[in-house]
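1. Show me how the following folds:
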Amino acid sequence: MLKEHILVVEDEDDIQELVEYNLAREGYRVTCVGSGEEALKVARAQIPDLVVLDLMLPGRDGLEVCKTLRADERTARIPILMLTAKSEESDVVLGLEVGADDYLAKPFSPRVLVARAKAALRRTTTAVAEKGAGQTLKVHEIVIEPGRHAVRIEGEPIDLTLTEFRILHLLARRPGWVHSRDQIIEAIRGEDYPVTPRSVDVHIAGLRKKLGSQGKYLTTVRGVGYRFEE
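-> Numbers count the residues shown, from 1 in each chain. Take a look at the predicted model:
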């Protein structure tokens, strides 16, 4: 099953292929571009889960791309892993100061690259799960109260199971973002919970039915997973 979407920004073909191969082998969806302009265009259109960004690029360099992504509300929270031949301390500091989350110098170990990518994605998932976990949330006509484990639609209480509640809360906290079935399983039960992707589909179907007219906002992204529409 495909995991998160990673945007690789690298103008050297051999390195681009190496990075793409190793990330794709881990199951990630990978998009590769060779310039800063292309990177910004793709990032705004597809909102990747992680950007692997070379510092030395034709046209807009990696530092400018990083600053531009951080300045845009749509892309400000995407984790950025800088991948570059510049490994002087000043370059590392500058990259982190403009918004990079991590820094990997060339030449690099593919295994280390994959490990750093996984760590960046894991930190993002944890931060999203923790942010506002106990706050009342209103999306469209749905009000979710985590502290009371309650859901209301136009003032009327909706009876959800524990799993249905957790799935709804997970998706509604990040409207417009796609969650894979594996991400949903990990978030609601933990990696070791014996639940299958198929059972996630069943829970989603039941949740849509209980949400009534609001169920239309819980959409399927074919081949990927689910999202709650903005």
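2. from here on, contacts and neighbour counts on C-alpha atoms
-> Will do.
3. Now do residue 21 against residue 46, distance only.
-> 20 Å (Cα to Cα, to the nearest Å).
4. now swap in residue 119 and tell me
-> Distance, residue 119 to residue 46, using Cα to Cα: 21 Å.
5. Show me the contact partners of the helix or strand hosting residue 40.
-> Using DSSP states H and E, the secondary-structure element containing residue 40 is helix 36-46. Under the contact criterion Cα atoms under 8 Å, 6 or more residues apart in numbering, helix 36-46 has outside partners 7, 9, 33, 57-62, 65, 69, 74-75.
6. in the chain, which spans are strands?
-> Secondary structure of the chain, counting by DSSP state E: strands at 5-9, 29-33, 50-54, 80-84, 102-105, 137-139, 142-145, 150-153, 156-158, 179-180, 218-221, 225-228.
7. hey, C-alpha coordinates of the third one in CSV?
-> When you say that, I think you mean strand 50-54. Output of strand 50-54 as CSV, limited to C-alpha atoms (Å, rounded to 0.1, in the frame of the first residue of the first chain):
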residue,chain,number,x,y,z
LEU,A,50,7.7,15.7,3.0
VAL,A,51,10.1,17.7,0.7
VAL,A,52,13.6,16.4,0.1
LEU,A,53,15.3,19.6,-1.1
ASP,A,54,18.7,20.1,-2.7
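8. what about the most centrally placed residue in the chain, distance to residue 212?
-> Nearest to the geometric centre of the chain sits residue 49, at 3.4 Å (Cα atoms, centre = their mean). Per Cα to Cα, residue 49 is found 30 Å from residue 212.
9. and this structure, what are its domains?
-> By the record's domain assignment, the chain is partitioned as 5-130, 137-228 (automatic domain parsing).
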